[in-house]
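**Q** Fold the stuff below for me.
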Amino acid sequence: MKQVLLIAGRIALLALMTAVPCLAANSAVLRNGFSILYQRSQTLGTTTRLFIDGDQASFVDIPTAEIDHFESVPDVPSVSSNPQPVAVAAPRPFDLNQTVADASGTYRLDPDLVTSVIRAESGFNVRALSPKGAQGLMQLMPQTASELGVQNAFDPQANVEAGTRYLRALLERYNFDLVKALAAYNAGPQRVEQYNGVPPYYETKAYVARIVRDFNKKKLAAKTGSAQTTRRSSTTKLTSTNHAVAKPPVAAQTAQN
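**A** From the prediction side, this is the model:
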């Protein structure tokens, strides 16, 4: 019982000692569940001496039988008596619209097309994973991601950049035939070349049709909105002109009366 109390007292002393700056690279795990950080150990008969600091002035003696095992731990940075606040940059929130705009501008593609591909591929799910292993927003296969230099396909910015670059390469490969490029994005270029066009797969045909339909819908909506804006602008100008023409006769008539 006295031995247990002695060990507990030593551990309490260690807690005070470890509050001062120290660097420890090892941990002695005791049978009672406590652990002690130390830099160097020395066996003295049935006792193990654990040196706490680098100058070996501080140590504690523990019965070797009470030590269950030793572990290697990362170095602990010394504790400053007057710590200074460290400015940590907050992670930038992911902006899909801006990322698509940047990638589309770099590879000279319509951002609406890239967005339509993302919608069809992942439904805007950054963590999307297909049964075949395609990953992320633009569903990059591991081999394709590796060829494009993407280390983490679930990084949305890297995924969109690489997927847009790949789509641009496919468009150039097929002389900017959008249907063939989309079919190759889905089924692979080898299948498009094998069938000299869209492969006879229901999934690929539906995929191409879905993207083309969504893309055309966006373009039509943008065109309609632009036309409505132009009509409203013309109506405003016409109304202002009519008022300007109507005022002089009224003023003249009043003067004559």
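**Q** Any regions of the stretch 51-200 of the chain where pLDDT drops low?
**A** 53-59, 73-92 (pLDDT under 70).
**Q** Show me what counts as buried in stretch 208-216.
**A** 208, 211-212, 214-215 (16 or more other CB atoms under 10 Å). Glycine gets a C-beta too; all of them are placed from N, C-alpha and C.
**Q** Pick out whichever of those residues sits closest to Val29.
**A** Using CB to CB, Ile211 comes nearest to Val29 of the buried residues of stretch 208-216, at 58.4 Å.
**Q** now the helix or strand hosting that closest one: mean pLDDT?
**A** Under the criterion of DSSP states H and E, Ile211 resides in helix 202-256. The pLDDT scores in helix 202-256 average 69.
**Q** Quick check, pLDDT for Ser35.
**A** With respect to pLDDT, Ser35 has a value of 70.
**Q** so how far is Asp177 from it?
**A** 66 Å (CB to CB, to the nearest Å).
**Q** Can you tell me what sits against stretch 183-194?
**A** 117, 166-167, 170, 173-174, 180, 197-199, 201, 203-204, 207-208 (CB atoms under 8 Å, 6 or more residues apart in numbering).
**Q** From those residues, list just the buried residues.
**A** The buried subset of these - by 16+ other CB under 10 Å - is 117, 166-167, 170, 174, 180, 198-199, 204, 207-208.
**Q** As a markdown table, these with distance to Asn125 and secondary structure would be great.
**A** Below are the buried ones among the contacts of stretch 183-194 laid out as a markdown table (distance: CB to CB, whole Å; DSSP: H, G, I helix; E, B strand; the rest coil):
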| residue | distance to Asn125 | secondary structure |
| --- | --- | --- |
| Val117 | 14 | helix |
| Tyr166 | 19 | helix |
| Leu167 | 19 | helix |
| Leu170 | 23 | helix |
| Tyr174 | 28 | coil |
| Lys180 | 27 | helix |
| Val198 | 26 | coil |
| Pro199 | 25 | coil |
| Thr204 | 21 | helix |
| Tyr207 | 16 | helix |
| Val208 | 21 | helix |
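**Q** Make JSON lines out of those residues and add distance to Glu66.
**A** Converted to JSON lines, these look like this (distance: CB to CB, whole Å):
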{"residue": "Val117", "distance to Glu66": "64"}
{"residue": "Tyr166", "distance to Glu66": "61"}
{"residue": "Leu167", "distance to Glu66": "65"}
{"residue": "Leu170", "distance to Glu66": "68"}
{"residue": "Tyr174", "distance to Glu66": "74"}
{"residue": "Lys180", "distance to Glu66": "74"}
{"residue": "Val198", "distance to Glu66": "74"}
{"residue": "Pro199", "distance to Glu66": "71"}
{"residue": "Thr204", "distance to Glu66": "68"}
{"residue": "Tyr207", "distance to Glu66": "66"}
{"residue": "Val208", "distance to Glu66": "71"}
